[in-house]
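>>> give me a model of this one.
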Amino acid sequence: MIQHRTAPDAVDFVRLSREYRYVPMWISFSTDEDTPITLYRKLAGEGLGYLLESVERGTVLGRYSYAGAEPLAFFSWPPEPAANATGSNAGDPLKGVGQWLADLKVAPVPPNAGLAPFYGGPVGYFSYDLVRHYERLPEHSVDDRQLPEMMLMITRYTLIIDHLRHRGTLVLLAEAGDEAAYRYGQSQLAGLFERLREPASPLPLEVSAVMSAKIPADTAVKAGAADEKQVPSAFAAGDEMTSTFDRAGFCAAVGRCKEYIAAGDAFQIVLSQRFTRPLRTHPLNVYRALRSLNPSPYLFYLNLPGMQVAGSSPEALIRVEGRRVETHPIAGTRPRGRDADEDRRLAEELLADEKERAEHLMLVDLGRNDLGRVCQIGSVRVERFMEVEHYSHVMHIVSRVAGELKPAVTALDALSCVMPAGTLSGAPKIRAMEIIDELEPVRRGPYGGAVGYLSFDGNLNTCITIRTVLMRDGKAQIQVGAGIVADSVPETEYAETMNKARALFEALFSAEGGLQ
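The predicted structure follows:
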C-alpha cells in the first residue's frame, strides 16, 4: 500500500471547523493486494460496522465497495436497542432521520475532491413495517421479535474501495477544532492505515464473537415445524427448523388471497413465510457464502446491535442522485440456460409470456404512480421497458422509471412514497398490505423493506430486502414470498417459497461446512 497525503489541508480544516461539528478527512492508497472482505475485517474486526458491495448482471464487480467501522451515532425507530442510540423518536421517523443528520453538522466535501458517490452517512435497514407510519393498516399480525422498524448507523471511518483503479480511500469524520485537532485526525488515519497493511487474522467459525449485544428473545410464533414432506433436500433432518406457516396453513392463506382477488379487492397479493433455524457459524461466513453462490447488484453485511443482516438482493428499490430519482421494477423470471443459445431461447420465452408481461406492466404502473407523488409534473418517464437482464442463476424482466423530484422533496420523502415495493406487497398496494396483515401471523420486520445508504450530500441508494438472512440470538431467519394471482395453485405457490428458501439455506450450509 502506498499512502498519499491527507486531505483537506490544515487551513481548510480549521476554516470548516468554525461552522461544523465534524469535518471529513481522508487519505488514499493502493488496494491491489486485498479483497473487500479482508479490508472490512481489518477495518472493523468484530465491532459494529457494514460492508456494501455490488456485482452487476451476475458477473462484473461494481466499481465501488464501501466498508464502515466504529459507529459514531445510531438512529433507531423506536428506541433502543443500543445503549448509545441517538436521535429523535417521535413523529415522522424518516423526517427524524433528516433532522438527526442535520444536527450532526458534517462539513460538505467539495465536488472536485474526486470521492465516490458515497463517502459517509447513515447505513442500515428500513423495515417493511415502517409503512405503518404513512398508511393506516390493521394490527392483526403479532410483532413477535420487537425489532426496530429502522436501524441506521453513521461510522467514524468509511473505506471506499475503487475496483477500477484499485484504490482505497479512508475517510474519517474528525471532530472540528484547531490545528492540533487536525494533527490528531492525521494520526488517527495513519494508525488505521497501518492496521489495514497488516495481514487479516483467520475468521472464527463460532457464533458468539459478534453476538454479545442482546435484545429480548423471540416471543411465541404462531407456527410449527416446517412440513417434513415439503422440506427441500438441502434442509438437514432434525435441523430444528420452524416456520410461521405449516403447509396446510400457507395453502389456506393462498386460497383466501384468491377469494379476495376474485372479489375485486386486489390483482396480486405477495404472501410470505419466515423460517428459523440455529446458526452454527460466524455471521460473516454467511455473507461470504451468499456473495459466492448468488452474486447480485446489492450485496450487504450489516453488523448491528444485537443482530447481523446479510443479503444478496437483485432489486433496487429507489436511487436518488441530485434531483433525479429512479426505481427499477423487476418481475418475470427464468433460469439461466446452459449456453448462449439456450439463454436466448429462455429470454424470448420470458418476454412472450403474457402472464409475466402483465405482472411486470402492473409493477411499472405502480412505480410511475409512486414517483408521481414526489416528482415534478410531467417529469416521470419509463426510460427502459421490459428488457431482460441476466444474473448468475436467473434472468429477469427489468424496466427503469425515473423522474425529477419536486423542489421541496428530499430523498427520504421519496423513499416513504415507494416503500414497500410492489413486488413485495402486490396491487393495489394498500389493499394488498391490508390483506397481508390479516393473513400473515407475524410482522415482517426487515423483510420486504430496504437496505442502503443516505449520503451526507443527500443522495440515496437502496435495495429491496430479499434473499437475506437475519441473524440474532444464535438463530438464522429467512423470509420468502410468492405472488398470488387469480389462477394461482396453492401447492405450487407453497413449493415456490420452499425453493426460494432452499437457495438461502444452501448458503447457510455452505458457510457452516467450513468456508474459509
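
>>> and residue 194, that one's in a helix?
Yes: assignment of residue 194 by DSSP: H, G, I helix; E, B strand; the rest coil places it within a helix.

>>> what's the local residue count around it?
The tally of other residues near residue 194 (other Cβ atoms under 10 Å) stands at 11. All C-beta atoms are positioned from the backbone trio N, CA, C, and that covers glycine.

>>> model confidence for it, exactly?
Looking at residue 194, its pLDDT reads 92.

>>> residue nearest the centroid of the chain?
Centroid-nearest residue in the chain: residue 451, 2.5 Å away (criterion: Cα atoms, centre = their mean).

>>> so that one makes contact with residue 302?
Yes: Residue 451 lies in contact with residue 302 (Cβ atoms under 8 Å); the separation is 7.1 Å.

>>> intersection of neighbour lists for the two?
Shared contacts of residue 451 and residue 302 (Cβ atoms under 8 Å, 6 or more residues apart in numbering): 124-125, 309.

>>> thinking again about what came up before, the helix or strand the residue nearest to the centre of the chain falls within: partners in the sheet, and parallel or antiparallel?
Assessed by DSSP states H and E, residue 451 sits inside strand 450-454. Note on strand 450-454: by DSSP bridges, its sheet partners are strand 123-126 (antiparallel), strand 460-464 (antiparallel).

>>> please put the alpha-carbon coordinates of it into PDB.
C-alpha atoms of strand 450-454 as PDB (Å, rounded to 0.1, in the frame of the first residue of the first chain):
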ATOM      1  CA  ALA A 450     -35.000  -1.600   2.200                       C
ATOM      2  CA  VAL A 451     -31.300  -1.700   2.900                       C
ATOM      3  CA  GLY A 452     -28.900   1.000   1.800                       C
ATOM      4  CA  TYR A 453     -27.300   4.400   2.400                       C
ATOM      5  CA  LEU A 454     -28.100   8.100   2.600                       C
END
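
>>> what mean pLDDT does it get?
Averaged over strand 450-454, pLDDT sits at 98.

>>> how far is that strand from where the chain is centred?
Counting by Cα atoms, centre = their mean, to the nearest Å, strand 450-454 is centred 6 Å from the centre of its parent chain.

>>> what's next to it, contact-wise?
Contacts with strand 450-454, where a contact means Cβ under 8 Å, 6+ apart, come from 52, 66, 97, 101, 118, 121-126, 152, 298, 300, 302, 309, 311, 313, 317-318, 411-412, 415, 419, 460-465, 468.

>>> so of those, which ones are in helices?
97, 101, 411-412, 415 (DSSP state H).

>>> now do the helices in the stretch 51-200 of the chain.
Along the stretch 51-200 of the chain, the segments classed as helices by DSSP state H, counting those that start in this stretch run 93-104, 179-197.

>>> determine the longest helix present in this protein.
Counting residues, the longest helix found in the chain (DSSP H) is helix 490-512.

>>> show me what that helix is packed against.
helix 247-262, strand 268-278, helix 283-293, strand 468-472, strand 475-484 (3 or more Cβ pairs under 8 Å, 6 or more residues apart in numbering; DSSP states H and E).

>>> could you give the angle of the longest one to strand 475-484?
Right, helix 247-262. 40 degrees (axes from the mean of the first three to the mean of the last three Cα atoms, to 10 degrees).

>>> ok, back up a step: farthest pair within the ones in helices among the contacts of strand 450-454?
101 and 415 (13.5 Å; Cβ to Cβ).

>>> need the helices and strands packed on helix 490-512 in a markdown table with mean pLDDT, can you?
Shown next, in a markdown table, are these (pLDDT from 0 to 100):
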| stretch | mean pLDDT |
| --- | --- |
| helix 247-262 | 97 |
| strand 268-278 | 96 |
| helix 283-293 | 94 |
| strand 468-472 | 98 |
| strand 475-484 | 95 |
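
>>> tell me which of those sits nearest to residue 407.
strand 268-278 (34.3 Å).

>>> tell me the strands beside the closest one, with direction?
Looking at strand 268-278 with DSSP bridges, its partner strands are strand 242-243 (antiparallel), strand 426-427 (antiparallel), strand 475-484 (antiparallel).

>>> tell me, how many neighbours does the spatially closest residue to residue 501 that is not a sequence neighbour end up with?
The shortest distance from residue 501 to any non-neighbouring residue, by Cβ to Cβ, 6 or more residues apart in numbering, is to residue 480 (5.0 Å). With neighbours defined by other Cβ under 10 Å, the count for residue 480 comes to 21.

>>> for residue 480, give me its contacts.
Applying Cβ under 8 Å, 6+ apart, we find residue 480 in contact with 272-273, 275, 466, 497, 500-501, 504.

>>> what of residue 200?
Contacts for residue 200 (Cβ under 8 Å, 6+ apart) come out as 38, 41-42.

>>> could those residues be laid out in JSON lines, adding distance to residue 436, neighbour count and pLDDT?
Converted to JSON lines, the contacts of residue 200 look like this (distance: Cβ to Cβ, whole Å; neighbours: other Cβ atoms under 10 Å; pLDDT from 0 to 100):
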{"residue": "38", "distance to residue 436": "41", "neighbour count": "16", "pLDDT": "94"}
{"residue": "41", "distance to residue 436": "38", "neighbour count": "21", "pLDDT": "95"}
{"residue": "42", "distance to residue 436": "42", "neighbour count": "20", "pLDDT": "95"}
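
>>> in helices only, show me those.
Per DSSP H, the contacts of residue 200 map to helices at 38, 41-42.

>>> mind showing which ranges of the chain have poor pLDDT?
Counting by pLDDT under 70, the chain has low-confidence residues at 1-4, 57-61, 79-90, 203-239, 392, 514-516.

>>> kindly recompute the last result at 50.
For the chain, residues meeting the criterion pLDDT under 50 lie at 81-89, 207-238, 516.

>>> circling back: residue 163: which of the helices of the stretch 51-200 of the chain is closest?
When the helices of the stretch 51-200 of the chain are compared by Cβ to Cβ, helix 179-197 sits nearest residue 163, at 16.4 Å.

>>> just list whatever residues bridge to residue 123.
Where residue 123 sits in a bridge, its partners, by DSSP bridges, are residue 153, residue 453.
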